[in-house]
Every structure is written in C-alpha cells, then in structure tokens.
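J.: okay, sequence plus prediction incoming.
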Amino acid sequence: MELNAVQLSGAEIVVQALIDEGVQYVFGYPGGSVLHIYDALFKQDRVKHILVRHEQGAAHAADGLARATGRCGVCLVTSGPGATNAVTGIATAYMDSIPLVCITGQVPTPVIGSDAFQEVDTVGITRPCVKHNFLVKDVRDLALTLRKAFFIATTGRPGPVVVDIPKDVTDPNVKIPYVYPREIRMRSYHPTEKGHPGQIKRALDLMLQAKRPVFYTGGGVILGEASALLTELVRLSGYPITSTLMGLGAYPMTDPQFIGMLGMHGTYEANMAMHETDVLIAIGARFDDRVTGKIEHFCPHAKIIHIDVDPSSISKNVRVDVPVVGQVASVLAELVRLWKEQAPSAVGRPVAEWWDKIGEWRRVDCLHYDRTSEKIKPQFAVETLYKVTGGDLYLTSDVGQHQMFAAQFYPFDKPRRWINSGGLGTMGFGLPAAMGVQLAFPEAQVACISGEASILMCIQEMATCKQYNLPIKVILLNNGYMGMVRQWQEFFYGSRYSHSYVDALPDFVKLAESFGHVGMRVERPADLEAAMAEAFAMKDRFVFLDVVVDPTENVYPMIVAGKGQHEMHLAPSLSERELA
Amino acid sequence: MRHIIAVLLENEAGALSRVAGLFSARGYNIESLTVAPTDDPTLSRMTLVTTGNEEIVEQIKKQLNKLIDTVKLLDLTEGPHIEREMMMIKVRAEGENRQELKRLVDIFRAKIIDVTDTSYVVELTGASKKLDAFIDAVPEGLIVEVVRSGPTGIARGEKGLSL
Ligand SMILES: Cc1cc2nc3c(=O)[nH]c(=O)nc-3n(C[C@H](O)[C@H](O)[C@H](O)COP(=O)(O)OP(=O)(O)OC[C@H]3O[C@@H](n4cnc5c(N)ncnc54)[C@H](O)[C@@H]3O)c2cc1C
Ligand SMILES: Cc1ncc(C[n+]2csc(CCOP(=O)(O)OP(=O)(O)O)c2C)c(N)n1
Ligand SMILES: [Mg+2]
C-alpha cells in the first residue's frame, strides 16, 4: 500500500474517483441509500451535481452529454425506485452504445435479500440493458470497481455500466487508504483496436473493383471519432454515401456525395442505391431492421464489407463477405493510406454511370412536400429551423414523426450534433438530453425538437432548466396526435385512430411560463421564421416554441414491414406523378 | 448441430446469471449448463451444450465472448475432444429384474452404488449418448429417478484451455 495515500470513506472515494476521472457533471437525485455520497458531494466543488426532477432525466441528461462530447456520462440515483426510474435511460444508452456510468445506491449489505425498504435487485434488473454491472460489497473494492466501470463504459463498443453500492459501503466512519488505479488491465476484457491487415487488404481490393459501390455508415463512426477519416476516404473514392439515423453528421450531409439517410424513412436514392449496389461498405453500422427491411430483399447484388469493433455485430442479421473487426478510426486510417498508395488515379473512377443512375433516383425528389400549404408543414418547420440557426445547432429529439422530419430536413455537417434515441426510441429523451448538451456547451445553440406527446414524458425537467439557467429552445411540432402512431393507424388499421389523439393538452405557453420560462405559439407559416429568430435571439432564456403543424402530415418515403428496401411508399403526390 | 462450448469465467457473483440471462434474452437453445470452480479459484469453468445452425452457434459464441466476465472460450466440437457426463439412476430392482439390471450394469461398465431390497442406484459415466442408451436399455417401468450432471468436456492433446 502506498505510504502517503489519503484516508477516505466510501462516499468520499466515489466523489474522488469522479474527480480523478475528470467528470465535470453528475446528474442525480438523492435518497436514503446515497445520502452518504450526497454529503461527500456537498463538501467539495470540483464535481458539479445537477439535480434533475426524475431519475429518467438523470440518465438521459448524462447520455446527452456523452453523445455531444464523447466523454462518459455519469448519473447517481438512490436504491429501489431511483434505480428503476433510471432503467429506461440506461436501456436507451445501451441500445445506442453510449458510454455511461450509473451509480445506484443499494440497501446495506447485511439486509440485501430481505425485501428491505427500497430494495430492488438492481444488478438483476439492469443486467440485460448494460454493458456490465457491479455490486460493490466491500469498500476496499470501490476505487478499482469505479475505474473498471469507466474503462468498460468507454472502450471497445461503448455502453452503460451500473455500479450498485450498498449504503454501508459508503459509511463516512470507515476510512481506508485511497489510491486510484491509473492503468487498468482486465484479463477478461480486451477490445480489439486494429483491424486484421489481410482483411483490410481484401476490403480495399473489393472497393477498388466496385462498379456500384455505396458507403453505409452508422453511429460507430461518431462513437469512434472517425468523421474526418471517413470524409477523407469517401472523397478519395468518389463513391456515394448514405447513413443510418445514428450516423447523421459523421459525413457532411450538405455534400453532394451524401445521398441521404437510408432505411424505413430514408431517401428513395439511398434505398435504391442499397438495392442495386454491388459492393456495400458498412462502417460502424449494425444492420438494424429499420435499415434492412425484409432481410431476404436486402442488397441482393452486393458483396458486403463490414467494419465494426464488436464481432457480434458482424453477420448477426446479414451475412457479410469481408468482416473487419477493429476501431473504425484505426481501420479507416489504414484504408485511406492504402487507397492513396494503390489507387492514386482512382478519383472519379468508373462509377460515373452509377452516379447517373443515382441522379435519376434523386430526381424523384422523394422528400417533396406541399410548400404552399396554409398550415405549417412539419417539414417546413424543420427547414426554417435550419435557416434560422445557420446549420450551427445541437439538436436533440424525442421520438415520432418530428424525429424523422428532423433527420430528413436538417442537414448536419458535423458529428455529435444530432442527438436522438434510435435503438430504443424513447419518448421523453429529448429535453433531458438537451440539458446535458447545454451544460457541456454553455455557449452553443441547443434545441430539442419534440412532439406534444413526447414532451410530456419528461416535462418536469423544465424545472431543472430553470434552476441551472439552461437556455434550451424547445421546438414543439404540435400536431395534436401521436403522429407516428396515427400514421401507422392510417396505413394499417383503416384509419381507426385508437388512442393516438392527444386530448386534454396543456397550454404549453402558460406551462412554460409557470416554470419561469418564455412560451410562444405559432400557427401560421408566415410567422414561423420570425418567431424562431426571436426565440434564438433570447440567448439566456429557455424558450418553449409551440408550433402548430398540420395534423395530417405523414412521413415519406416509408418502407413498410415485410417489404424490401426498393419497395418504398412515396408521398401520394409523388406516386401520382410517377404513374402519370 | 449440437455444440459443446467450454467457457472460462471470472469466478464472480452473478457470472452464471449473465450466461443464463443471455440465453433466455436472445432465445438461444440451451440443453445443459454445468459450472464449477477450477484449480485456480478465481476462475470458473462452464460447459454449455447448445444446438442451432452454424450462424446461430457463431452468434452464441460471440455473445458469450462479449460478456465481460468471459476470460476464454472454446468450442470443443470443433476439434477432437472427450465428453463425459455422470448419471445416477435409481431403479426398481426386485425378483428377476435384479439379475437383468446387474447384467446391464456390467455391459455398460456402470456401478451399483446403493442397494436396498427393492432398489439399486446405478452410477454411470460417459458421453451423453451412452447415458441415453443405458436409460433406453432399462426395462419399462423400472426407472424411479434419473439425475444427470450435464456433459463436461475437454480437448484431446497437450493444449489446454487455461490462462
Ligand atoms: C421512429 C424511428 C424510426 C427510425 N427509422 C430509421 C430509419 O429510417 N433509418 C435508420 O437508419 N434508422 C432508423 N431508426 C433507428 C434504428 O432503430 C437504429 O437505431 C439505427 O438504424 C441503428 O443505427 P446504426 O446501425 O448506425 O447503429 P448504432 O446503434 O449506432 O450502432 C453502432 C455500431 O457501430 C459499432 N461501433 C461502435 N463504436 C465503434 C468503433 N469505435 N469502431 C467501430 N465500430 C464501432 C457498434 O458495435 C455497432 O455495431 C429509427 C428509429 C426510430 C425511433
Ligand atoms: C416511451 C414510449 N412509449 C411509446 C412509444 C411509441 N411511440 C412511438 S412514436 C409515438 C408518438 C409520438 O407522438 P409525438 O411525440 O406527438 O410525436 P409525433 O409523431 O406526433 O411527431 C409513440 C407513442 C415510444 N416510442 N416511447
Ligand atoms: Mg404529435
């Protein structure tokens, strides 16, 4: 043991470990089993605690911070209901591979298993939705366990880690020497870094032979900080690129080589290109069912290259031809180097015909909508948001049609700007996530796009925004319906709108005002831009902008369940045009 | 196809439930699962028997490897290996059945490890198929109770699954 190690209690160890990890913000909510930790937090000012209003908000806020910065998010909740409230947020982070450490209080070790007050089996409940979890039964294991938690959460394929700490382990009267392990080695955990050179070579050969290549990139490029390398490779090759919902912004969306998002609500050109491609270059994407459509019809003509750090992502849903396991940045750096070496003259290679084809698909203009409408179209609202913010925005989202419209109509040119729950699709994510983002970037423009149904799921966080003066802008696309649900009911349930009408809505302007914020409501297209400009001009205020949009609008294109990628539903106006 | 997968796990509380949870959450078949500490008390060795097509078994192995507690994994069925399962079977042994059962025990090189006026407990070790064969060979209606350990296995040759 080191001679001059400080003597700390378990509670102090938790706080000191956070300091040693460089954690700036902890999002939490107190309760019996974490009171020792809260007392230790009180006695210092290095780690700032943000008091949320619901533990789900704590997890989402930590998650939002992680998505915007790439650093590990941290939340702290009490045992029992504190932990169960956080589960939705933990599962949200898990599905999107977001690094998060969630510290949960637990009842004292002697009473674990006795149905003690506020006892739940947190390790058991969270096991299926964490990368790993720990129950710390001895204060002497605490520092090492916390170090492991951060290490596991942030390396390899990132993910949430829960550290469950019984109250007696944080006893302020039991002090032990504290040494925070810098280096950590775990014999059971060695995430792959570098890709296999032979596989990279095979991937390159295949790429160079391609006639109808497509890059299909995902959240892994952002998680792996590989945007610049991806951009370089895509530009070197001159090939088209599409992205999943989670990868948007990794490659500049305003660039002509970008052919839009793919998948269920992806562009016509992206999905058709996927259908016709002969070499698919999948990077940090996991072949989600929202992307593949019916597996039997997925990329029928393609040889598939797949770069991913997680071997279990490879050939999970779709069999691939050239798997490359490794960190996307390391593999892309290698591919860029080899490309420059082997294909110096490959710029604008014989894929011109392929681009012609893509040009034809583009001319379908699949995102067309009625710009002359008397009502505010949600698409128009997003376009106006882009205009007003000059494309320089951190945009978090809730879940539904508004999320898809944002993905389709707000072109992100940088990674970590588009922050949404893709895998779990958690309504209620947007507002608390925006808090994490705004705290990380106090000077940046941060907005949350939401629906009137989603926003009510974590509306209480408006109080947190007040307490910490977070000047977030909520852009509510208020269509009076759970629009995404209504759309499915219109298509597949004979327009029987069973319980998707959002009745008894509050007056959002007054609601915002009652929390101490600014509330605004816009109903006419002509007023929208000015209202948004006014909202964003209030740099130090939280503004809730209730935008009344056309309740009947649907998200197109759409690939319905059981259909192949190429069998998209286009907007009715377009389908008619095609028939004509 | 049937696969026997040997896994070295950190001997941590909850490691077993992670494996069991994985199989139920992902809907994988699990025929049997045995686990015990090894000569190194910080490690447990688990033997899993599972069935599925090649793709599924490949995923099972990847998912097992992904568990943070997994130190090493070997699919024994990929190479020459020895499989052993232990069974204790209680049979009604009265009258002429006693002779018949003893003969069976000899043929299978099993052992009778408990005797009463009316019953035997027979112990038998071998590949699971051999145990199945013994059960089939016991005359109708005589079996009182069967307890099987589930298979364990080890690769042939000098190489070992260790750290
Ligand atoms: C209402 C709704 C509609 C949706 N519609 C669509 C849609 O139309 N189109 C669409 O694309 N999605 C859609 N989604 C999202 C969809 O559900 C999935 O979340 C998404 O497709 C997954 O994105 P991804 O493949 O990029 O994977 P992610 O979940 O981002 O996974 C990242 C992958 O990268 C790997 N990885 C992580 N880090 C690294 C690293 N450092 N190096 C290498 N690899 C790494 C991981 O192992 C994983 O395989 C929708 C979601 C909702 C809620
Ligand atoms: C917590 C949660 N419950 C239910 C759903 C299912 N769901 C997906 S979208 C949606 C409707 C969202 O409505 P709203 O927030 O108004 O957005 P809109 O689609 O109208 O833009 C629902 C209920 C979900 N994704 N998350
Ligand atoms: Mg709505």
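T.: Everything's here; your move. Ligands and ions are numbered 1, 2, ... in the order given.
J.: CA only for contacts and neighbour counts going forward, please
T.: OK.
J.: who does the strand or helix carrying A:Val548 pair up with?
T.: If you go by DSSP states H and E, A:Val548 is part of strand A:543-548. Applying DSSP bridges to the sheet, strand A:543-548 is found paired with strand A:473-478 (parallel), strand A:518-522 (parallel).
J.: what about the last one, distance to the chain center?
T.: The gap between where strand A:518-522 is centred and where its chain is centred comes out at 27 Å by CA atoms, centre = their mean, to the nearest Å.
J.: can you list contacts of stretch A:197-204?
T.: Residues outside stretch A:197-204 that contact it (CA atoms under 8 Å, 6 or more residues apart in numbering or on different chains) are A:Ile305, A:Val322, A:Pro323, A:Val324, A:Val331, A:Glu334, A:Leu335, A:Leu338, A:Trp339.
J.: any chance of these in a markdown table, plus distance to ligand 3 and neighbour count?
T.: Shown next, in a markdown table, are the contacts of stretch A:197-204 (distance: CA to the ion, whole Å; neighbours: other CA atoms under 10 Å in any protein chain shown):
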| residue | distance to ligand 3 | neighbour count |
| --- | --- | --- |
| A:Ile305 | 39 | 27 |
| A:Val322 | 42 | 20 |
| A:Pro323 | 41 | 22 |
| A:Val324 | 41 | 27 |
| A:Val331 | 42 | 25 |
| A:Glu334 | 45 | 19 |
| A:Leu335 | 44 | 20 |
| A:Leu338 | 49 | 15 |
| A:Trp339 | 47 | 21 |
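J.: out of these, who's nearest A:His49?
T.: Closest to A:His49 out of the contacts of stretch A:197-204 is A:Val331 (38.1 Å), distances taken as CA to CA.
J.: follow-up on the earlier one: pLDDT of the strand holding A:Val548, averaged?
T.: Averaging pLDDT along strand A:543-548 gives 98.
J.: and it with ligand 2, contact?
T.: No - judged by CA under 6 Å from any ligand atom, strand A:543-548 stays clear of ligand 2, getting no closer than 11.0 Å.
J.: A:Ala440 and A:Ala66 touch, don't they?
T.: No - when contacts are counted by CA atoms under 8 Å, A:Ala440 is not listed as touching A:Ala66 (9.1 Å).
J.: which one's more surrounded, those two?
T.: Using other CA atoms under 10 Å in any protein chain shown as the criterion, A:Ala440 and A:Ala66 rank with A:Ala66 on top: 24 against 17.
J.: quick one: contacts for that one?
T.: So A:Ala66 contacts A:Cys72, A:Gly73, A:Ile98, A:Pro99, A:Leu100, A:Gly436 (CA under 8 Å, 6+ apart).
J.: mind checking the SS state of it?
T.: helix (DSSP: H, G, I helix; E, B strand; the rest coil).
J.: where's it relative to A:Glu461, distance?
T.: 18 Å (CA to CA, to the nearest Å).
J.: tally of neighbours for residue 10?
T.: You didn't pick a chain, so chain A it is. A:Gly10: 30 neighbours (other CA under 10 Å).
J.: wait, chain B was what I had in mind.
T.: 22.
J.: do A:Lys137 as well
T.: That count, for A:Lys137 with other CA under 10 Å as the rule, works out to 17.
J.: that one contacts A:Val163, correct?
T.: No - if you go by CA under 8 Å, A:Lys137 and A:Val163 don't touch, sitting 10.8 Å apart.
J.: show me the contact partners of the strand holding A:Val548.
T.: A:376, A:381, A:471-479, A:508-509, A:512, A:517-524, A:528, A:532, A:535.
J.: which residue is the nearest non-sequential neighbour of the closest residue to chain B within the stretch 51-200 of chain A?
T.: When scored by CA to the nearest CA, the stretch 51-200 of chain A has A:Ser188 as its residue closest to chain B, at 4.1 Å. Leaving aside its sequence neighbours, A:Ser188 sits nearest to B:Val71 (CA to CA, 6 or more residues apart in numbering or on different chains; 4.1 Å).
J.: what distance do you get for the one you found to B:Leu163?
T.: Using CA to CA, one gets 8 Å for the distance from B:Val71 to B:Leu163.
J.: and for A:Lys316?
T.: A:Lys316 sits 29 Å away from B:Leu163, going by CA to CA.
J.: can you list the residues of chain A near chain B?
T.: Residues of chain A lying close to chain B (CA under 8 Å from any CA of the partner chain) are A:Arg127, A:Pro128, A:Lys131, A:His132, A:Arg187, A:Ser188, A:Tyr189, A:Pro311, A:Ser312, A:Ser315, A:Lys316.
J.: hey, which strand is longest across chain B?
T.: In chain B, assigned by DSSP state E, the strand with the most residues is strand B:81-92.
J.: how's chain A carved up into domains?
T.: A:6-178, A:197-362, A:378-555 (automatic domain parsing).
J.: ok, of these, where does mean pLDDT dip lowest?
T.: When I compare those, domain A:197-362 is least confident, with a mean of 95.
J.: can you give me the strands for chain B?
T.: With DSSP E as the criterion, chain B has strands spanning B:2-10, B:32-37, B:43-51, B:70-75, B:81-92, B:111-115, B:119-126, B:143-148, B:152-155.
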